[in-house]
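In: When you get a sec, could you give me coordinates for this:
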Amino acid sequence: MNIILVSNRLVKTRSITLDGWQALFLMLMMFGLMLVAAFALQYSLVRFAPEGLGEGMRTLLSKAYVDERQKQQSNLFSSLDTMASRIGQMQSQVQRLDALGVRLAKLTGMKPGEFQFDQIPAQGGPLVILPTQEMSVSILDQQLKRLTQVVNDRSDKLMALETMLLQNQLSRKLLPSIPPVTVGWYSSNFGWRIDPFTGANAMHEGVDYMVDAGTPIHASAGGVVAFADSHPQYGNMVEIDHGNDIITRYAHASKLLVKVGQVVRRGEKIAEVGSTGRSTGNHLHFEVRYQGTAQNPVRFLQKATS
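Out: From the prediction side, this is the model:
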């Protein structure tokens, strides 16, 4: 085996001749050096590379963790804002329910201190220890939604109840419910009687109140004046239309104080007692008619006071 050595200046060359054993030894040395170099490279990769990769992974994981935390916080704040808005809505609804409860209490005739809507109801009972469930934002949100639905449902029902009570109250005001005079007594009841002029059996379609001349006559219910003039039989008469096919008549008055088309309230003074028309003396003839048919006024007055 010949090895030629050349200098860097290419001026001189030297030739070295190796026999078989020398060449084999040189090849083994070169192979050994290659193995050592490979082992050193592998060791450096195993020893130093994981630290570099671990730091990179830690950086990536840390960034992902921070992003996830920020996302969770953003969702939490958004949920809290939504819940705070719902709580504000519920507070306004509760205030409306309190005001509605006060109005309903007045409509039903409850005493002011009988039912306090602005106070928390008393509660109590023994303590029962059971496994508790941790409250999360989602559970609180579900309970808040359920409570909001309950409050809305109760509010709608109470408002419907208030409407019904107001309608009933209005209907009572439009029904003959108070006597047209505050003094006097019945001189003739509703029904069949002996006619004071003919002496024959005749139907009396109202009640007569024996009172002095000039006594105030009041509207038995609210309505619109349909007639206010002189009548051959009734004398000076006021007729009031209360709606729902109900009218009342106030006859034999000495003086009329209302005009046709005028709206009157229950208890408002509409005339004064006299003895005009077909009458034997000072009194008030009072009628209640439904769909044109005379009704017993006493039944309406008794129903209103019962």
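In: Can you pull the poorly scored residue ranges out of the stretch 151-300 of the chain?
Out: 161, 166-173 (pLDDT under 70).
In: quick one: the helices in the protein?
Out: For the chain, the helices defined by DSSP state H cover 20-108, 137-174, 297-305.
In: where among the ones you listed is the average confidence lowest?
Out: Ranked by mean pLDDT, the helices of the chain bottom out at helix 20-108, with a mean of 64.
In: For residue 263, grab the count of nearby residues.
Out: The tally of other residues near residue 263 (other CB atoms under 10 Å) stands at 11. Where you see a C-beta, it was placed from the backbone N, CA and C, and this is true even at glycine.
In: who does it bridge with?
Out: Per DSSP bridges, residues listed as beta-bridge partners of residue 263: residue 224.
In: Start the count at 254 instead of 1 going forward.
Out: Yes, from this point I'll number from 254; that puts the last item at residue 516.
In: Check the gap between it and residue 509 for me.
Out: Using CB to CB, to the nearest Å, residue 516 is found at 16 Å from residue 509.
In: and what of residue 413?
Out: Distance, residue 413 to residue 509, by CB to CB: 42 Å.
In: neighbour-wise, which of the two wins?
Out: Per other CB under 10 Å, whichever of residue 413 and residue 509 has more neighbours is residue 509, with 20 against 10.
In: what bridges to the more buried one?
Out: With DSSP bridges as the criterion, residue 509 is bridged to residue 524.
In: Report the contact partners of it.
Out: 481, 482, 489, 491, 523, 524 (CB atoms under 8 Å, 6 or more residues apart in numbering).
In: Counting neighbours, which of these comes out on top?
Out: residue 491 (27 neighbours).
In: Across the sheet, point out what pairs with it.
Out: residue 481, residue 503.
In: Could you double-check that it lies in contact with residue 480?
Out: Yes. Counting by CB atoms under 8 Å, residue 491 does reach residue 480; the two are 6.9 Å apart.
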